[in-house]
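[1] quick one, structure for this:
(chains A and B)
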Amino acid sequence: MGNATFDLPASVASSLCSLVTTERAPAYLIVDGSLTLRGAGGSLQTYGLEALALGCPATEQAVFLEGLLPFGETPLVMKAVEMPSGRAADLHLHPAEEGGWILLLDCTSERAETQRLQQRAYDMTLLRQREARLKEELAAAFAALERSNEELKRLRVKLEEENLRLSAELEVARRLQAMLLPTPEELRHVQYVDVACFMQSAAEVGGDYYDVLQYGGHTFIAIGDVTGHGLHSGVVMLMAQVGVRALIASKDSDPVRFFQVLNRTLHDNIARMRGEKSLSLAVLDFKDGEVRVSGQHEQIIVARRGGQVELVDTLDLGFPIGLCDDIASFVHEKKVRLGAGDGVVLYTDGFTEAENPAGEQYSLERLCEAVRLNWAKPVKAVKDAIVADVRAFIDVQTVYDDLTLVVAKQKR
Amino acid sequence: MLQKKICMLGFFGVGKTSLVQRYVCSVFSDTYLTTVGVKIDKKTVTVRDQTLNLLLWDIAGADDVSALRTIYLRGAAGYLLVADGTRPETLEAAQSLQGQVVSELGPVPFVVLLNKHDLAGEWRISEHDIVELTGTGWTVYTTSARTGEGVEAAFQTLAECILG
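    The predicted structure is shown next:
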């Protein structure tokens, strides 16, 4: 008995034995040299080992012994091995002369306590590791964000430069549009008709064009609108002005030849510009109480002395300039007689398509009504009244296109 | 019946217990419960018409403080070395453990499981790392105790290696 070894009094040794018996639920297995289970006892039911069959291979009866047998030369302790019952036992393997024995001591409470502490420590460690990983990812995301921010700044600078360049281009286009308009002095000396004109460029210059020319006893009024906005449209408008003036100066009165040459010239130049621009253009030739109209543009408003208005459709009188290289077959001419006080009102679609804050368009109907109501007035007053009417209609709405208006009234 | 002891080894929290639960009971739980000591489960497999009882020793994970208790390895016929693919440091730990196991058991068969492959967004082990591992002669499986990916195959491969 151990009391001899540890020099314990019998009462203490007995108490110790009792303590181990009640708190550690000892059980034992005896295994012989052929690894057969020879004996078992103690609190076997604590570990779910109550049905052991003696005389059978030990590792078949207690699978946790697989690999542990045969016994080694020295005793060994295997801590906290979960038994079939779910309880944990410390296994004490003791070799003996023939085989050996295994002592099982319950350590379920100890294991639970260890698990509680270990769980807390591991949970904490895993949390810290996760936090560290998240911080790394956050730092990486922040760095990526910084890079994106730098890229955005770079793009913003580029955009500002581009805006600056576009603004400069628009200013050039606006000046091109304005510098070749007929002067008030020219308009005062026009034969046959009194003329009043108005042009207002939109923020993104739209490429509107009009001209009033006096050649060979004829008065010519041309009006056109280049597709698109900006510098390219302005340049096409400039080319159209030069072309129209040159052709009129050449005194060739054939509208087909006029439009064919003009179209070919602009078509080839637009191709050089690698643009996709075209131009609506109508040319009106006034002489001796008659106006000859050719070219495709908006409908022409013909106002009679008493205020009645008629519309002349130009759809069949031409084709958009610059769109294809041969438009000869589309060009025709229409003649309109004008008596004293009769006249025409020409406009670009900036007028008819101008929108009010509700999104409604000014429309050709409203324009005709404004002409009818004001036609008795002198041409400048007619022009001012129409412009005032459109502006009142537009109100605070943004104007997206150029506004061009030409009022011409047959002199008395 | 033939019985073989197999040990589950790896750093704490890599999913050793979950892999055993998936393999033996076909279940998975999201709750992490640390293992103390060892839990032993049994799974019967068939390898080339031979029935074999695998005794799966799910050994408490190693950590930075506690060294592997090599006494648990005694008599193991093979082992599964588990790492968490979302924590690269657990693969380094597994490589270190492997050295200790060889000292204790000698060259017994083993298979490496890179677990938690279902967490694709958090996965931190590259294909290149895996190629390097297999290049050293290791058998490597990417596994997921949650989905079951690779689990059956890894255990079966080890069983086949043990029977030779």
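[2] list the buried residues in stretch A:167-185.
    A:169, A:170, A:173, A:174, A:176, A:177, A:181, A:182 (16 or more other Cβ atoms under 10 Å in any protein chain shown). All C-beta atoms are positioned from the backbone trio N, CA, C, and that covers glycine.
[3] again, but for stretch A:121-133
    residue A:122.
[4] so how far is it from its chain's centroid?
    Relative to the centre of its chain, stretch A:121-133 is centred 40 Å away, using Cα atoms, centre = their mean, to the nearest Å.
[5] mind checking which of the buried residues of stretch A:167-185 land in helices?
    Under the assignment DSSP state H, those contribute A:169, A:170, A:173, A:174, A:176, A:177 to helices.
[6] may I see those arranged in JSON lines, with distance to chain B and pLDDT as well?
    JSON lines is the format used below for those (distance: Cβ to the nearest Cβ, whole Å; pLDDT from 0 to 100):
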{"residue": "A:169", "distance to chain B": "49", "pLDDT": "81"}
{"residue": "A:170", "distance to chain B": "50", "pLDDT": "82"}
{"residue": "A:173", "distance to chain B": "53", "pLDDT": "78"}
{"residue": "A:174", "distance to chain B": "56", "pLDDT": "81"}
{"residue": "A:176", "distance to chain B": "59", "pLDDT": "79"}
{"residue": "A:177", "distance to chain B": "59", "pLDDT": "78"}
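[7] number of residues surrounding the closest residue in space to residue A:379 that isn't next to it in sequence?
    Distances taken as Cβ to Cβ, 6 or more residues apart in numbering or on different chains put residue A:196 closest to residue A:379, at 4.1 Å, once the chain neighbours are dropped. Around residue A:196 there are 20 other residues, counting by other Cβ atoms under 10 Å in any protein chain shown.
[8] OK, contacts around residue A:196?
    Contacts for residue A:196 (Cβ atoms under 8 Å, 6 or more residues apart in numbering or on different chains) come out as A:187, A:379, A:380, A:382, A:383, A:406, A:407.
[9] that one and chain B, how far apart?
    Note on residue A:196: its distance to chain B, by Cβ to the nearest Cβ, to the nearest Å, is 73 Å.
[10] quick check, that residue in a strand?
    Yes. Assessed by DSSP: H, G, I helix; E, B strand; the rest coil, residue A:196 belongs to a strand.
[11] residue A:402: neighbour count?
    Under the criterion other Cβ under 10 Å, the count of neighbours that residue A:402 has is 26.
[12] report pLDDT for it.
    Note for residue A:402: predicted pLDDT of 88.
[13] I'd say it and residue A:206 touch.
    Yes. Counting by Cβ atoms under 8 Å, residue A:402 does reach residue A:206; the two are 3.7 Å apart.
[14] identify the contacts common to these two.
    Residues touching both residue A:402 and residue A:206 (Cβ under 8 Å, 6+ apart) are A:225, A:348, A:350.
[15] and the second one, how many neighbours?
    The one in question is residue A:348. There are 25 residues near residue A:348, going by other Cβ under 10 Å.
[16] get me the contact residues on the stretch 1-150 of chain A for chain B.
    Those residues of the stretch 1-150 of chain A that sit near chain B, judged by Cβ under 8 Å from any Cβ of the partner chain, are A:59-60, A:63-64, A:66-69, A:76-82, A:88, A:107, A:111, A:114-115, A:118-119, A:122-123, A:125-126, A:129, A:133.
[17] my understanding was that residue B:149 contacts residue B:143; is that so?
    Yes. With contacts defined as Cβ under 8 Å, residue B:149 counts as touching residue B:143 at a distance of 5.8 Å.
[18] who's more crowded, the two?
    Comparing residue B:149 with residue B:143 by other Cβ under 10 Å, the one with more neighbours is residue B:143, at 31 against 17.
[19] how about the helices of the chain, start to end?
    Using chain A here. For chain A, helices defined by DSSP H occupy the ranges A:2-6, A:10-24, A:58-61, A:108-179, A:184-188, A:231-249, A:255-272, A:349-352, A:363-374, A:379-394.
[20] actually, chain B is the one I wanted.
    Using DSSP H, the helices of chain B run over B:16-25, B:88-105, B:127-135, B:151-163.
[21] quick revisit: of the shared contacts of residue A:402 and residue A:206, closest to chain B?
    Nearest to chain B among the shared contacts of residue A:402 and residue A:206 is residue A:350, at 56.2 Å by Cβ to the nearest Cβ.
[22] find the nearest non-adjacent residue to that closest one, please.
    Take residue A:350 and drop its neighbours on the chain: the residue closest to it by Cβ to Cβ, 6+ apart is residue A:401, 3.8 Å away.
[23] so who does that neighbour touch?
    A:202, A:206, A:208, A:348, A:349, A:350, A:353, A:354.
[24] which of those residues has the weakest pLDDT?
    Lowest confidence among the contacts of residue A:401: residue A:206, with 71.
[25] and that residue, how far from chain B?
    Residue A:206 sits 53 Å away from chain B when distances are taken as Cβ to the nearest Cβ.
[26] my read: that residue touches residue A:232, true?
    No. Using Cβ under 8 Å, residue A:206 makes no contact with residue A:232, being 11.6 Å away.
[27] which of the two has more neighbours?
    Ranked by neighbour count (other Cβ under 10 Å), residue A:206 and residue A:232 place residue A:206 first, with 29 against 20.
[28] contact partners for the more buried one?
    For residue A:206, the contact set (Cβ under 8 Å, 6+ apart) comprises A:225, A:226, A:229, A:233, A:348, A:350, A:401, A:402.
[29] quick one, what contacts the last one?
    With contacts taken as Cβ under 8 Å, 6+ apart, residue A:402 has the following neighbours: A:177, A:199, A:200, A:201, A:202, A:205, A:206, A:207, A:208, A:225, A:348, A:350.
[30] which one (most neighbours) among those?
    The residue in the contacts of residue A:402 with the most neighbours, by other Cβ under 10 Å, is residue A:207 (31 neighbours).
[31] that one touches residue A:226, doesn't it?
    Yes. In this structure residue A:207 lies within contact range of residue A:226 using Cβ under 8 Å: 3.1 Å.
[32] could you name every residue contacting both of those two?
    With Cβ under 8 Å, 6+ apart as the test, residue A:207 and residue A:226 both reach A:233, A:234, A:236, A:237, A:277, A:279.
[33] pLDDT score for the third one?
    Among the per-residue scores, residue A:236 holds a pLDDT of 90.
[34] how near is it to chain B?
    Using Cβ to the nearest Cβ, residue A:236 is found at 56 Å from chain B.
[35] now do the contacts for the spatially most central residue of chain B.
    By Cα atoms, centre = their mean, chain B has its centre lying nearest to residue B:80, at 2.9 Å. Residue B:80 makes contact with B:6-9, B:16, B:19, B:110-113, B:154-155, B:158 under the criterion Cβ under 8 Å, 6+ apart.
[36] for it, list each beta-bridge partner.
    Listed by DSSP bridges, the beta-bridge partners for residue B:80 are residue B:8, residue B:111.
[37] same thing with residue A:345?
    Residue A:345 has these beta-bridge partners by DSSP bridges: residue A:301, residue A:407.
[38] which residues does it contact?
    Taking Cβ under 8 Å, 6+ apart, we find residue A:345 in contact with A:300, A:301, A:303, A:367, A:371, A:382, A:386, A:405, A:406, A:407, A:408.
[39] and for residue A:200?
    Counting by Cβ under 8 Å, 6+ apart, residue A:200 makes contact with A:399, A:402, A:403, A:404.
[40] okay, the last one and chain B: tell me how far apart.
    Distance, residue A:404 to chain B, by Cβ to the nearest Cβ: 62 Å.
[41] what about residue B:51, neighbour count?
    10.
[42] wait, it touches residue B:44, no?
    Yes. In this structure, residue B:51 is within contact of residue B:44 by Cβ under 8 Å, at 6.2 Å.
[43] what do these two both touch?
    Contact criterion Cβ under 8 Å, 6+ apart; residues bridging residue B:51 and residue B:44 by contacting each: residue B:1.
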